[in-house]
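# Sharing a model prediction with you, sequence too.
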Amino acid sequence: MAAEPGGPAQEPAGNLRELATVFLKLGTIAFGGPAAHTAMMEGEVVERRRWLDRGTFLDFVGATNLIPGPNSTELALHIGYLRAGWRGLLTAGVCFILPAALIAVGLAELYRRFGSVPDAAAVLESIKPIVVAVVAHAVWRLGRTAVKDVAAAVLGLASLVAILLGVHELAVLAAAALVMVACRRIVAGPTMPVVSSLVVLRSEPASAEPVKAMAAAGVIATATGAIGFSLTTLFLTFAKIGAVLFGSGYVLFAFLRADFVERLGWISESQLLDIVAIGQVIPGPLFTVATFIGYWLAGPIGALVGTAGIFLPAFVFVALSGPLIPRLRRSATVGAALDGLNLASLALMAAVTGLMARTALHDPFAIFLGLAAFILLWRFRLGVAWLVLVGAVVGLIRVGLLRW
């Protein structure tokens, strides 16, 4: 049963089991970063199960871009809250994180014992083209909902061009929201309220925090020298990162280097490079590298503390902001701002799709895999889990043939 757009559903028992099943599956197969995770969630909860409509889904995508932390995990939290209230929020979040955390613990144990991990990159090479197809298909479907008129099409295209030219993604999001509000005011005339202070209040910290965060990381990085290990410091360091980090996984690794390599001295540069590589082969949220680092430093308790520290801010932010989104949508001005945010978010996904395609579609066989996956999604609505499984099998066969 689709949830009421104005608040969480009232059937927590059955919904919790469904949420656990869906997000455990997504946490296990969701390779490719936040854009791919968003695409897979759209396919599962909008297209297949119809838990919510695409407009509400897009509102959640736009909202996650305005708060720090892991976007795809925050999207899972929003969906969980809408589906089954607070228990749904916790269930969806924990189940989305758990598979990746367990895989990270397994890889960390291998890394502690052997100083390396099994080579999974070759298998992932056959999954990447499929992930590109999944994201491209989601952008196309969501775009049909978000692009409601010519002005929206122009704004989405302008956002994409700005992102490709290197304009900071938060600046693009804020500008798209303000431009859409201005366009709606021109169309509606003086009857539409002026830009509300609420929009201004929400956009200002989004623009300022990354600068403050990066500055903080830089200041902290100047204090070099190893500091004695403690679980409290581990938790607080990851909690700080989870509370201030906007942007891609590369920004996360910049924070890890500033804190764990330069300030604390708990890991070396070469170990950080290993962690970057390992992070690419773990499905689910990239933030589970905190699980890997925590386990490597202090075993199971370190993994638990690291995971809790980096993900806790996301739970708090979504718990505070999630109930406000349906109310904000009912305001004409804020609704226009959300439409602008959604267009910019789609432009971000489209830009990421292009970057992923440039890396993943590197030979004729990869192009064939990507095209075949897109056709299977588009014409036959094949489930994403099956496509990822096929990609993994193809990768294993290729590895076997190359070694033979």
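Alright, I've got the coordinates.

# what's in contact with the helix or strand where residue 232 lies?
Assessed by DSSP states H and E, residue 232 sits inside helix 231-244. With contacts defined as Cβ atoms under 8 Å, 6 or more residues apart in numbering, helix 231-244 is touched by 68-70, 209-210, 212-213, 216, 227, 252, 255-256, 259-260, 264, 287, 290, 294, 297-298, 301-302, 305-306, 308-314. Glycine gets a C-beta too; all of them are placed from N, C-alpha and C.

# Over to stretch 78-95?
Here stretch 78-95 has contacts from 3, 7-9, 11-12, 15-16, 18-20, 22-24, 27, 41, 45, 51-52, 56-57, 60, 63-64, 73, 76-77, 311, 314-315, 318-319, 322-323, 325, using Cβ under 8 Å, 6+ apart.

# Now that we have those residues, which of them are buried?
The neighbour count (16 or more other Cβ atoms under 10 Å) marks 3, 8-9, 12, 15-16, 18-20, 22-24, 27, 41, 45, 51-52, 56-57, 60, 63-64, 73, 76-77, 311, 314-315, 318, 322-323, 325 as buried among these.

# Restricted to helices, list those residues.
12, 15-16, 18-20, 22-24, 27, 41, 56-57, 60, 63-64, 73, 76-77, 311, 314-315, 318, 325 (DSSP state H).

# need the contact list for the closest residue to residue 279 other than its chain neighbours.
Spatial nearest neighbour of residue 279, chain neighbours left out: residue 289 (4.7 Å); criterion: Cβ to Cβ, 6 or more residues apart in numbering. Shown in contact with residue 289 (Cβ under 8 Å, 6+ apart): 104, 252, 256, 275, 278, 279, 282.

# Could you identify which of the residues you listed has the most neighbours?
Of all the contacts of residue 289, residue 104 has the most neighbours under the rule other Cβ atoms under 10 Å, reaching 27 neighbours.

# can you pull the contacts of that residue?
278, 282, 288, 289, 291, 292, 295, 303.

# Within the helices and strands, which one has the first one?
Spelled out, it's residue 278. helix 269-280.

# Could you do the fourth one as well?
Residue 289 belongs to helix 289-321 when assigned by DSSP H and E.

# Figure out how far that helix is from the centre of its chain.
The chain centroid and the centroid of helix 289-321 are separated by 16 Å under Cα atoms, centre = their mean, to the nearest Å.

# do the same with stretch 354-361
18 Å.

# Can you point out the buried residues in that stretch?
356, 357, 360, 361.

# Rounded mean pLDDT for it, please.
Stretch 354-361 carries an average pLDDT of 80.

# Need the CA coordinates for it. CSV is fine.
The C-alpha coordinates for stretch 354-361 follow below in CSV (Å, rounded to 0.1, in the frame of the first residue of the first chain):
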residue,chain,number,x,y,z
GLY,A,354,28.6,10.5,-17.9
LEU,A,355,31.7,10.2,-15.7
MET,A,356,30.9,6.6,-14.9
ALA,A,357,30.2,5.8,-18.5
ARG,A,358,33.6,7.2,-19.5
THR,A,359,35.3,4.9,-17.1
ALA,A,360,33.1,1.8,-17.3
LEU,A,361,32.5,1.6,-21.1
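
# Not counting its own residues, what contacts that stretch?
32-33, 35-36, 125, 128-129, 131-132, 135-136, 164, 366-367, 370.

# and those, which two are the farthest apart?
125 and 164 (25.5 Å; Cβ to Cβ).

# So if I had to pick from these two, which one is more boxed in?
Neighbours per residue, other Cβ under 10 Å: of residue 125 and residue 164, the larger number sits with residue 125, 20 against 13.

# helix, strand or coil for the more buried one?
helix (DSSP: H, G, I helix; E, B strand; the rest coil).

# That one reaches residue 396, doesn't it?
No: contact between residue 125 and residue 396 fails when scored by Cβ atoms under 8 Å: they sit 11.1 Å apart.

# circling back to that earlier point, kindly present the contacts of residue 104 as a markdown table, with separate columns for pLDDT.
Below are those laid out as a markdown table (pLDDT from 0 to 100):
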| residue | pLDDT |
| --- | --- |
| 278 | 73 |
| 282 | 79 |
| 288 | 89 |
| 289 | 88 |
| 291 | 94 |
| 292 | 92 |
| 295 | 93 |
| 303 | 95 |
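
# Among these, which one lies nearest to residue 113?
residue 295 (12.1 Å).

# tell me the contacts of the closest one?
Residue 295 is in contact with 104, 105, 108, 109, 112, 302, 303, 306, counting by Cβ under 8 Å, 6+ apart.

# Produce a ChimeraX select command limited to the buried residues of these.
Here is the ChimeraX command that selects the buried residues among these (16+ other Cβ under 10 Å):
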select :104,105,108,109,302,303,306
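
# tell me which of the contacts of stretch 354-361 is nearest to residue 376?
residue 370 (10.9 Å).
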